[in-house]
Each structure stands twice: as structure tokens, then as C-alpha cells.
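Q: mind folding the following:
(one chain, ligands or ions: 1)
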Amino acid sequence: MAKYIFITGGVVSSLGKGIASASIGKVLEWNGYKVALVKCDPYINVDPGTMNPYQHGEVYVTDDGAETDLDLGHYYRYTASPLSRISNVTTGKVYQKVITKERRGDFLGGTVQIIPHITNEIKNEIRQVEKKHNVDIVLVEIGGTVGDIESLPFLESIRQMKNEEGPANAINIHLTLVPFIKAAGEIKTKPTQHSVGKLREIGIQPEILMVRTEKPLTAAAKAKIALFCNVREDCVIEARDVNDVYEIPVMFKNNGMDKSILEKLNLKQKKGSGAKRWKKLVEIRKSTKKTVRIGVVGKYITLQDAYKSIDEALKHGAIANRVKLDLVKIESGVIENKTPGDIRDVFKGIAGVLVPGGFGVRGIEGKLAAARYARENALPYFGICLGMQIAVIEFARNVCGMKSANSTEFNARTKHPVISLLSEQKKVKCMGGTMRLGAYRCKLSPGTLARKIYGTDQVMERHRHRYEFNNTFRDRFRKHGMVFSGTHPKGNLVEIVELKDHPWFLAVQFHPEFRSKPDRVHPLFRGFVKAAIAKET
Ligand code: GLN
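A: Numbering: from 1, shown residues only. Next up, the predicted model:
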């Protein structure tokens, strides 16, 4: 029987609930417990796959091909939690299931209602994780902020589950904010009191409060929160702002977060593994002086979360090479229609260029200019998904002499469709969940950069795309020096391309960033950052 921790958030959004949940998972692992994390999202989309990055941020893809919330990426980077389709529960998914049952006649003439039908389905979804995986603790993060209309059915489900599981088997940790009011010169606890009041109104008494604050939480403030929120004083835990998100589990360990949680769950503090290694990497991030400047050229640059896993994987690459990452985000539109001199100015001081995934024609020409600049100036280039397709189109146009080369995604009638729709995509009509998704095998050719970096002849990587390299052009590209270093063993799909006469030019059709952790860096990110350092020095 697994125990449950429900994590809710109050006062404001963007408190970092995902990272906090992942960090709690981590400290529990350091105590020798196996954890699984689940994210509940109150929106009506079935999954975030069809949402614009401006609305949602990155879509994180699991091995089994689910398009999920980006918090699953945090869970992956911090913990060993199993992650799959069942790790992300959305209102859309829950309603879809209930309505399908209703149409089938499963409810035998009954009126279908939020309580109990929707809440039962939510509880079923959450409990699937415990049924499928042999873990000690399931951590369930509820998206949104307490007080939102949309999250009410999820909160009601927690209330019911806490009763059903029993007191020491299910607890609620509520994350709040204690703002510092400059004019008064002090921190204020009232918003936290109100937020907990809101939870208690619907029958949830949190066991632990995790209090985000920029200033230290004074003993008086702690006592006040404890009194007004009906929480024991030692269960009001300060979560101070830190410079480095990877420091948060260490902070939780130091301030006794794990001790309070385990006590509430009637579990012992044990000795697990991994803490030493993690602390060491936090130390490396603090102490390294040398920096490497990497440019990411994309079109969702203004949104912080759009390329979350890429940003983090680059940090991991930097840790592995013991340098600090100086990440420069370049809006692809800005380098469109620019003179070579202007482009040179944009890339001045940049030691490596990464072009991430994306959809639609906007910003394409800027990305092509970036790939060309990197190719012609021996600047390390790392293309990911669309970034690989860009590398291919650029090479076709400027090396193979196919001036009008394009992807059929951007020009359906191009004379040289070097990137074209995957054959399995031709019959696809619905947009949701229909891309080539999830983990596929990739065979690496001997003597290539990819093979050398991975150090093995086959890998599994996660995909999310509809278009691919058009094989009719393979020979022509090969003749001009493009190397097809990774292919799908059966379908003969091109998964990795690289360039012969270039120090580090590698582009992949998959998303390696989803499989990088600070303490287990993805080899391609390690290799790319290493090449950038070599370029810099
Ligand atoms: N738009 C491209 C495709 O669908 C690339 C997708 C991506 O970068 N994830 O193939």
C-alpha cells in the first residue's frame, strides 16, 4: 500500500510547485523511499499537445508517447519516478472517460454528476499509479491555485481520498507565499491564512505548509501562521528563494522537510542514496568560474518555459564540463533578412548554437540563417527536431544547390521537398496525440560523431513530429558531405545527421533533452558543450 502526499498551491501562481514537488520526491528518495509523481491539470484540454507554447510552455513527452505537462520534466530530472501516460491527469481526460462511459450506458439511468462520477474517475486515475508501480509514496501535485473554480473537483477528490486512506496514509502539503511589503518593512502572513482558510472551507486541513519567502521567516511569523492555519509550528516550513533550483532538495533536507513529512506519514527516516552526488553537483555549479556562451535560436524565446528541458539539459552539459552556462536566447525573427555582417554581430561571442523544435513557418528563415552561420564558421551546431530539419533544408539550399528546398510543412509545393510528411501521417485528420510520439530505437553508424559520443550502437530516444527527412534525396546529400549517422532500424527513417568537415555539427530528429538529468547528463549535451568550450578557447 502506497502512502499519498497531495501538493496544492495558494496565494499566487508560479510559486514553483512543480520543482517543489520534485524536490520533496528527491528528499524522500534520499531517505530510501521509492516515489512516483503525478500531475493533475485542471484545464479541459485532454492533454497539452495541442496548446501553443505561449499558453502552456513546453510539452514534455514520455517514453510511451504521452504529451504531458512540463512539470513531468522536473519530476524526471530530480527523481527516479516512473513517468508515463498515467502520470498526468487532466480535466479533459477525466470528462472524456466519464462521458464515454455515460454513452455506453454504464451508469444505468443515473444522473451523472461531478460528485461522485467525476471525483471517482479522478481518484481512479490517481490510484492507477499505485496499482501499476511498486512505490512507497505517490506524490500528487494539483495544478492551479486554491480558489480557482476549475480545480475544485480535484480538491474534493483529495478530501475524499484523505478520508479513505486514513490519517497517516495521506497528507496535504500546501505551498504558499509570504510577501515582503517594502513600505511596512515586514513579511505578511495574511494571504497564507486566507489561502489555508479556503482549503479548510472545502474540508481539507493541510498537515504541512511550505512557505515561499524572500526574507527569513521569523519565529513570530511562523507561530502566527501555525496558530491561524491550525498547523503545528514545526510543520510550517520555510522555502526561501534560492539562486539555483537544484539547491532546493538540499535546502529541504537541511530544514527538516523530510523529517516532518515522514513523521506525518508514520514512516521512519532511513538512509537512501544519491544525496552526496547531488550536493556535489550543486557545489560545482556554485564554484565554477569559467563560462560557456550558448545561443538558442527559437521563436518562443520571450516565454521562459517554452524550451525548459533544453535549458536544463544545457545546464547539465555545463555541469559535466565544469563550466557555467551563459544562455543567450535569440529570437529567430530578429535574424531574418539580415546582412552577413549583422548576423556575425548577433553571434559574436557565442560558442555554440542550438536550434530547438518548433512548428509552423514563422521564424524559419532566421533559424536557417543561424544554421548557415554555424556551418560556415565552424561553430558547434546542435539541431533538435525542427532544428534538424532546418539543418537539412539549409544544406540543400546552400551546399547541394537546391535553391527552393523546403519542408512541405512550410511550402507544400516546393520543387525540392527535402523534408516531407511521414507516410503514417498522411491519413491523420485529428491533431491531438497523433504525431510520431514516444521512444523509438535508433541505430548508430560506425565511425560517426554520434556513435562516438553515445559510445554504443543503438539508443532509444523520444520523438514528437509529423515530418521527416525525405529519403529520395539521401544520395545527393551524401555526395556533398552530409553523414546519416542515426537511422531507425526498421523504417529506415533518418534520425541523426552530421557534417564531415565540421568540428561539431549534429542534428537529431528526436528530443534528447527529455532524457537528461543533472546527475546523469545526456551524452549529446555533454558533447555539445564540450565542443563549444573548445571553440571558445
Ligand atoms: N514541425 C516539425 C514536425 O512536425 C518539427 C516538430 C518538432 O520540432 N517537435 O516534424
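
Q: my reading is that residue 285 lies in a strand. Confirm?
A: No: going by DSSP: H, G, I helix; E, B strand; the rest coil, the assignment for residue 285 is helix, not a strand.

Q: how about residue 439: what's its closest non-neighbour residue?
A: residue 63 (4.2 Å; Cβ to Cβ, 6 or more residues apart in numbering). To be clear about C-beta, it is placed using only N, CA and C from the backbone, and glycine gets the same treatment.

Q: just confirm the one you found is within a helix.
A: No: under three-state DSSP, residue 63 falls outside any helix and is assigned coil.

Q: pull out the buried residues from stretch 283-293.
A: Residues of stretch 283-293 classed as buried by neighbour count (16 or more other Cβ atoms under 10 Å): 284, 285, 292, 293.

Q: so which of these is the closest to residue 35?
A: residue 285 (24.0 Å; Cβ to Cβ).

Q: could you tell me the phi and psi values at the residue nearest to that closest one when sequence neighbours are not counted?
A: Excluding the flanking residues, the one nearest residue 285 by Cβ to Cβ, 6+ apart is residue 244, at 5.6 Å. Backbone torsions of residue 244, given as degrees, to the nearest 10, read phi -120, psi 120.

Q: roughly how far apart are residue 244 and residue 494?
A: From residue 244 across to residue 494, the span is 38 Å (Cβ to Cβ, to the nearest Å).

Q: same thing with residue 112?
A: From residue 112 to residue 494 the distance is 48 Å (Cβ to Cβ).

Q: higher neighbour count, the two?
A: Per other Cβ atoms under 10 Å, whichever of residue 112 and residue 494 has more neighbours is residue 494, with 26 against 13.

Q: hang on, that one packs against residue 468?
A: Yes: with contact defined as Cβ atoms under 8 Å, residue 494 reaches residue 468; the gap is 6.7 Å.

Q: show the pLDDT at the nearest residue to residue 500 once chain neighbours are set aside.
A: Spatially, and ignoring its direct neighbours in sequence, residue 500 is nearest to residue 481 (4.6 Å; Cβ to Cβ, 6+ apart). Note for residue 481: predicted pLDDT of 95.

Q: for residue 220, same thing?
A: 94.

Q: for residue 491, same thing?
A: 69.

Q: one more: the one 3 residues further on?
A: You'll see residue 494 listed with a pLDDT of 97.

Q: for residue 508, which non-adjacent residue is spatially closest?
A: residue 496 is the one closest to residue 508 (Cβ to Cβ, 6+ apart), at 5.1 Å.

Q: and that neighbour, what is it in contact with?
A: Residue 496 sits next to 388, 442, 444, 448, 450, 484-487, 506-509 when contact means Cβ atoms under 8 Å, 6 or more residues apart in numbering.

Q: tell me which residue of the stretch 151-300 of the chain lies closest to the ligand.
A: Closest approach between the stretch 151-300 of the chain and the ligand, counting by Cβ to the nearest ligand atom: residue 298, at 10.1 Å.

Q: burial check on residue 403, number of neighbours?
A: Neighbours of residue 403 under the rule other Cβ under 10 Å: 10.

Q: and the nearest residue to it once chain neighbours are set aside, what helix or strand is that in?
A: Nearest residue to residue 403 in three dimensions, chain neighbours excluded: residue 397, at 5.9 Å (Cβ to Cβ, 6+ apart). Here residue 397 sits within helix 386-398, counting by DSSP states H and E.

Q: not counting sequence-adjacent ones, nearest residue to residue 160?
A: Residue 160's closest residue in space is residue 119 (Cβ to Cβ, 6+ apart), at 6.2 Å.

Q: the ligand contacts on the chain?
A: Residues of the chain lying close to the ligand by Cβ under 6 Å from any ligand atom are 357, 358, 359, 385, 386, 409, 464, 465, 466, 467.

Q: so what pLDDT did the closest residue to the second one other than its chain neighbours get?
A: Once its chain neighbours are removed from consideration, residue 358 has its nearest residue in residue 386; the separation is 4.4 Å (Cβ to Cβ, 6+ apart). We note a pLDDT of 97 for residue 386 in this prediction.

Q: would you agree residue 386 is in contact with residue 361?
A: No: with contact defined as Cβ under 8 Å, residue 386 and residue 361 do not form a contacting pair (11.0 Å).

Q: what about these two, which has more around it?
A: residue 386 (26 against 12).

Q: what sits against the more buried one?
A: 355, 356, 357, 358, 359, 367, 465.

Q: ok, now residue 474?
A: So residue 474 contacts 484, 494 (Cβ under 8 Å, 6+ apart).

Q: ok so, going back, for the residue nearest to residue 508, list each beta-bridge partner.
A: residue 486, residue 508 (DSSP bridges).

Q: ok so, going back, do I have it right that the residue nearest to residue 439 meets residue 82?
A: No: with contacts counted by Cβ under 8 Å, residue 63 stays clear of residue 82, the gap being 9.7 Å.

Q: if I look at residue 454, how far off is residue 444?
A: Applying Cβ to Cβ to residue 454 and residue 444 gives a distance of 6 Å.

Q: repeat for residue 536
A: 28 Å.

Q: so these two - more neighbours on which side?
A: A direct count of neighbours by other Cβ under 10 Å for residue 536 and residue 444 places residue 444 higher, at 22 against 16.

Q: give me the spatial nearest neighbour of that one, chain neighbours excluded.
A: Nearest to residue 444 is residue 451, by Cβ to Cβ, 6+ apart, at 4.2 Å.

Q: give me the residues contacting stretch 304-311.
A: 53-54, 57-58, 60, 70, 73, 296, 298, 300, 327, 354, 356, 384, 511, 513-514, 516.

Q: mind running it again at 6 Å?
A: 53, 57, 58, 70, 73, 300, 356, 513, 514 (Cβ atoms under 6 Å, 6 or more residues apart in numbering).

Q: of those, buried ones?
A: Buried among the contacts of stretch 304-311 by 16+ other Cβ under 10 Å: 53, 57, 58, 70, 73, 300, 356, 513, 514.

Q: can you put the residues you listed in TSV and add secondary structure and pLDDT?
A: Shown next, in TSV, are the buried ones among the contacts of stretch 304-311 (DSSP: H, G, I helix; E, B strand; the rest coil; pLDDT from 0 to 100):
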residue	secondary structure	pLDDT
53	helix	85
57	coil	89
58	coil	95
70	coil	96
73	helix	97
300	coil	87
356	coil	96
513	helix	98
514	helix	98
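
Q: list just the nearest of those to the ligand.
A: Out of those, the member with the shortest distance to the ligand (by Cβ to the nearest ligand atom) is residue 356, at 7.3 Å.

Q: list the contacts of that closest one.
A: Contacts of residue 356 by Cβ under 6 Å, 6+ apart are 298, 307, 310, 384, 387.

Q: among the residues you listed, name the ones in helices.
A: 310, 387 (DSSP state H).

Q: any chance of JSON lines for the contacts of residue 356, columns neighbour count?
A: As requested, the contacts of residue 356 are exported to JSON lines (neighbours: other Cβ atoms under 10 Å):
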{"residue": "298", "neighbour count": "26"}
{"residue": "307", "neighbour count": "26"}
{"residue": "310", "neighbour count": "26"}
{"residue": "384", "neighbour count": "26"}
{"residue": "387", "neighbour count": "26"}
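
Q: quick one: the helices in the stretch 251-400 of the chain?
A: 257-264, 275-287, 308-320, 340-346, 364-376, 386-398 (DSSP state H, counting those that start in this stretch).

Q: could I get the ones you listed as a markdown table with distance to residue 248?
A: As requested, these are exported to a markdown table (distance: least, Cβ to Cβ, whole Å):
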| stretch | distance to residue 248 |
| --- | --- |
| helix 257-264 | 10 |
| helix 275-287 | 10 |
| helix 308-320 | 14 |
| helix 340-346 | 34 |
| helix 364-376 | 34 |
| helix 386-398 | 30 |
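
Q: tell me how many other residues crowd the residue nearest to residue 285.
A: Neighbours of residue 244 (other Cβ under 10 Å): 12.

Q: make 25 the starting number, not 1.
A: Yes, from this point I'll number from 25; that puts the last item at residue 268.

Q: where in this protein is the helix or strand with the lowest mean pLDDT?
A: helix 77-80 (a mean of 84; mean pLDDT, DSSP states H and E).
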